[in-house]
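Colleague: dropping a prediction and its sequence here:
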Amino acid sequence: VLSPKKFGISVISKNGSKIYEKDLIHNSNNNEIDLSKLDYFLNENVFKIEKILKEFIEDICIILDCNNFFSVNISIKKNNYGEKMTQENLIYIINEARDQCFETLAGKKLIHTLIDSYLVDNQKFQNLPKDIKCNFFSVDVRFMCLPQEYFKKFEDLLSKYHISIERLISVNYLDNLFSGNDINHLEMARKVIQGYNLNEVVFTKKKPEKTTFFERFFHFFS
C-alpha cells in the first residue's frame, strides 16, 4: 500500500496467511509520494522477503492512494437484433468504447475499466442480466486512469529491484466498492483480484504473443 503518509508491504500465501508485513509511517505535509523514501523502504524489505521466500520477487500488486487518478466516461450503444447477449457482444462494445476514447486516453495509463450500468431495451440494470435477448443494449463505461509519466516513476523505481507491476489498484476505488464493509485495503484488493466486482473488466496479455488484448473476466458467463 502506497500513500503520501504511509508505505506498507505484505506477502500473503495462497491460503491467505501472512508471510511478511512491514509498514513505514512518515510525517509529511506533501500530497505526493516521496520516491526517495519509497526507494529506501524497498531496499530495506525486498531482500528480506526474497530471503524468506528463497526466490526472487518478479511482480507485485500496488494499492495506491493518491490524487492523480481521473476518470473518462463514455456510453456506447449496440443493435442486437433480438439476439441473446453474449460475452463477445460485450467485448466488442467495450473495445469500441476504448477505441473511441483513444485520443483522450493518449498518454494515460488505464488502471480500471468499470461498467457503471447497462441499458437493455430501455431497461436499466446495474449488473448484466443473464440469458436475455434484446433489440439493443448500451453500456456506461468508466475508464480510471493515471498519467503515464506518473505511473512510469513507479515502474522505473521497481525496475531497480527487477520487479514489475502486475496490477495497480486505486484506494478510492476500493473504498467506494466496499463502502460499509469492515475490512482493510489489503483484503479488499485480494477480493478485487479474485473477481469480486463483476462489472470490472481487465486488460491482460495474450500468451505467447506480447500484444495486449481485451480478454476477460465477465464472471456471469462462467
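Modeller: Sure, I can see it. Note that the structure is predicted; figures quoted are calculated from it, not measured.

Colleague: once you drop chain neighbours, what's closest to Glu200?
Modeller: Leu114 (5.5 Å; C-beta to C-beta, 6 or more residues apart in numbering). Yep, even glycine has a C-beta here, placed from its N, CA and C like the rest.

Colleague: and the one you found, what is it in contact with?
Modeller: Leu114 is in contact with Val141, Arg142, Phe143, Met144, Tyr173, Asn197, Asn199, Glu200, Val201, counting by C-beta atoms under 8 Å, 6 or more residues apart in numbering.

Colleague: now with 10 Å, please.
Modeller: Contacts here follow C-beta atoms under 10 Å, 6 or more residues apart in numbering; on that basis Leu114 touches 71, 73, 140-144, 173, 177, 197, 199-201.

Colleague: equivalent analysis for Val139, please.
Modeller: Counting by C-beta under 10 Å, 6+ apart, Val139 has contacts 74-78, 89-90, 93-94, 96-97, 115-120, 128, 199.

Colleague: bridging residues for it?
Modeller: Beta-bridge partners for Val139, by DSSP bridges, are Ile76, Tyr118.

Colleague: against Asn199, how distant is it?
Modeller: 9 Å (C-beta to C-beta, to the nearest Å).

Colleague: common neighbours of those two, please.
Modeller: Ile115, Asp116, Ser117, Tyr118, Leu128.

Colleague: quick check: the nearest residue to the third one once chain neighbours are set aside vs Asp116, distance?
Modeller: The one in question is Ser117. With C-beta to C-beta, 6+ apart as the criterion, Ser117 has its nearest non-adjacent residue at 4.8 Å, and that residue is Asp140. Asp140 is 4 Å from Asp116, where distance means C-beta to C-beta.

Colleague: so Phe151, which of the three states?
Modeller: At Phe151 the chain is in helix, as set by DSSP: H, G, I helix; E, B strand; the rest coil.
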